[in-house]
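Peer 1: What follows is a predicted structure for the sequence shown.
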Amino acid sequence: MKSTYTKQKFAFFLIATALVVLALYLTVHFDESLREWLRSRTGWLPSQDNVSQPDKAAEAIVKTWQLFLWALLAYLFVRALASLIFRLGFRLRRGMEAPTLIRNIFSIIAFTALFFLIFTLIFPGINLGALFTTSAIFGVILGLALQDTLGNFFAGISLQADRPFQVGDVITVGAQRHTGVVEEISWRAVKIRTFQNHVVLVSNSTAAREELEVCPRDNLNARLVFFNTLYSDSPVKTIHVVREAVRDAENVSQKITPIVRIRNLGDNGPDYEVKYWLDDYAKYNDTDALVRERIWYAFRRAGLNFAYPTRTLFVDRPSKTGVREGKEGAIIERLSAVDIFSPLSLEETTMLAQASSSHIFMPDEIVIRAGDPGSSMFVVHSGRVTVQVTENGRPRTVATLNEGAFFGEMALFTGELRTASVVAVEETEVLEIGHDAMKRVFDANPDLVESLSHVIAERRQGLAASHEDSGAVEDGSAGLLSSIKRFFGLK
Ligand code: CMP
């Protein structure tokens, strides 16, 4: 479509040039005959000097005609040159055409210069510059008539000089905050194609005066898309699921990983935003929609839920054990897989599960802190933790404990302060078991104390190895056994 139009324009240009050249050729070739003919036609002109008057008139008409034809040729030449430089040249070198305004300014200056030259050559006796400059009235009239036009023209020049935006950028401009892709910057206005495919013309003076938001074409521009979840959905899981769903969507830049974060704790659930960067900002509407679509499907797969305004009535029936019924089975399974609890009967494990309480931690949260008193131990139900001691003022990891491992037993069984800090590596759920529940287990299984004292002795060795200056470990497992028994009042 566009190429047909260009072809037509080119054909029109060639025909027009050929016609002008032909007219010029004829004018020059039949110069004398033309003058002769004109002399015979202009004999009626009133004059004091009867001999030279028709000559002068014929001369003036022929020269004006020549001036007209040469000016036409100069115009065609300037247009061709401007197209060659600012369309073809720019497209080859920069991949896009130069702004219309630049082309127009070049055409005006080049044409005026050529016109002056032609005029001076054809009418050597007339000073064209003086003709314009001495005419003050002409200037005033022109100034008043072209007030707005000139304002736009100069604003256009300042926009070109300042270059706040270019063709292809997305801008938001004007009192009505029109947003669209810049298609053209002409001597009068900035042409924007909005996302509804409307063309909006914002005058250059408005664009230069008003606030302008520019999203440059060659810049990584970001967008925010909002969504929410239920309070029961884990933030760590939500953030991971959404980030993975969005990062490889079409037109989402691979250069920067999308950021997902909680922006508010709303009435119906946490409100999130996902910030992502676009390869082509002009397509942000489609990409926003694609991102929302991806989030929906990812939520479906991951079992996450969108929050919508609802009234949920919670009937709080606190269970005696503190363990929710639905989870009890999983907790019993988890505890029976913990090596130190393997000798326990199903009833004892169930009792332990009912006596435990579950806590969830986000990555990098401290579960227990070194030096604090403690009267409970923990089993890692899901996730992972690290055991850290402080060495030379910096944390050092002594051990990493996975699902099914336990910690916090040292302070619980000996009554000493926590020997190390335990920190969640990822989202981690732990089961906390208190002193009373453990005492009941020990009462029924006195042998358990012994196996526990071995674990504690081993871990103490590990801790001692990390403190080079701490010397020998004071208490062996035998000493530990008796101190645990004493602490729990066992025989
Ligand atoms: P507690 O001293 O109560 O609190 C810190 C816990 O870190 C500690 O109990 C142990 O459960 C655990 N811990 C300490 N040292 C080690 C180790 N070397 N290996 C594994 N766990 C340890």
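Peer 2: Yes, it's here. Numbers count the residues shown, from 1 in each chain.
Peer 1: looking at the chain, which helix or strand is least sure?
Peer 2: helix 128-133 (a mean of 67; mean pLDDT, DSSP states H and E).
Peer 1: And for stretch 380-395, what's in contact with it?
Peer 2: Outside stretch 380-395, the residues within contact range by C-beta atoms under 8 Å, 6 or more residues apart in numbering are 330-331, 334, 358, 361, 367, 370, 396-407, 419-431, 463, 466-467. Quick note: C-beta positions are derived from backbone N, CA and C, even for glycine.
Peer 1: go with 6 Å
Peer 2: Applying C-beta atoms under 6 Å, 6 or more residues apart in numbering, the external contacts of stretch 380-395 come out as 334, 396-403, 405, 420-431, 466.
Peer 1: Which per-residue confidence value corresponds to residue 207?
Peer 2: The predicted local distance difference test score for residue 207 is 84.
Peer 1: Ok, residue 47 next?
Peer 2: According to the predicted model, the pLDDT of residue 47 comes to 48.
Peer 1: picking up where we left off before, contacts with the ligand among the contacts of stretch 380-395, please.
Peer 2: If you filter these for contact with the ligand, counting by C-beta under 6 Å from any ligand atom, you are left with 398-399, 420, 422.
Peer 1: Please, a PyMOL command that selects the buried ones among those?
Peer 2: Only the buried entries of those go into this PyMOL selection, using 16 or more other C-beta atoms under 10 Å:
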select buried, resi 398+399+420+422
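Peer 1: Name the nearest of the ones next to the ligand among the contacts of stretch 380-395 relative to residue 20.
Peer 2: If you rank these by distance to residue 20 using C-beta to C-beta, residue 422 comes first, at 91.0 Å.
Peer 1: pretty sure the closest one contacts residue 369?
Peer 2: No. Residue 422 is not in contact with residue 369 according to C-beta atoms under 6 Å; the separation is 8.5 Å.
Peer 1: just to revisit the earlier point, report the buried members of the contacts of stretch 380-395.
Peer 2: Members of the contacts of stretch 380-395 that pass the buried threshold by neighbour count (16+ other C-beta under 10 Å) are listed as 334, 398-399, 401, 405, 420-425, 427-431, 466.
Peer 1: and the closest residue to the ligand within the stretch 201-350 of the chain, what is it in contact with?
Peer 2: Nearest residue of the stretch 201-350 of the chain to the ligand: residue 340, at 11.4 Å (C-beta to the nearest ligand atom). When the contact criterion is C-beta under 6 Å, 6+ apart, the partners of residue 340 are 451-452.
Peer 1: mind checking the SS state of it?
Peer 2: Classification of residue 340 using DSSP: H, G, I helix; E, B strand; the rest coil returns helix.
Peer 1: Give me the distance between it and residue 450.
Peer 2: 10 Å (C-beta to C-beta, to the nearest Å).
Peer 1: OK, contacts around the closest residue to the ligand within the stretch 351-491 of the chain?
Peer 2: In the stretch 351-491 of the chain, no residue comes nearer to the ligand than residue 462, which is 2.7 Å away by C-beta to the nearest ligand atom. When contacts are counted by C-beta under 6 Å, 6+ apart, residue 462 touches residue 398.
Peer 1: Quick check: the gap between it and residue 419.
Peer 2: When residue 462 is compared with residue 419 (using C-beta to C-beta), they lie 10 Å apart.
Peer 1: Just list the residues touching residue 36, thanks.
Peer 2: By C-beta under 6 Å, 6+ apart, residue 36 lies in contact with nothing.
Peer 1: Report pLDDT for it.
Peer 2: Taken from the predicted model, the pLDDT recorded for residue 36 is 81.
Peer 1: Just to be sure, it is in a helix?
Peer 2: Yes. Counting by three-state DSSP, residue 36 is located in a helix.
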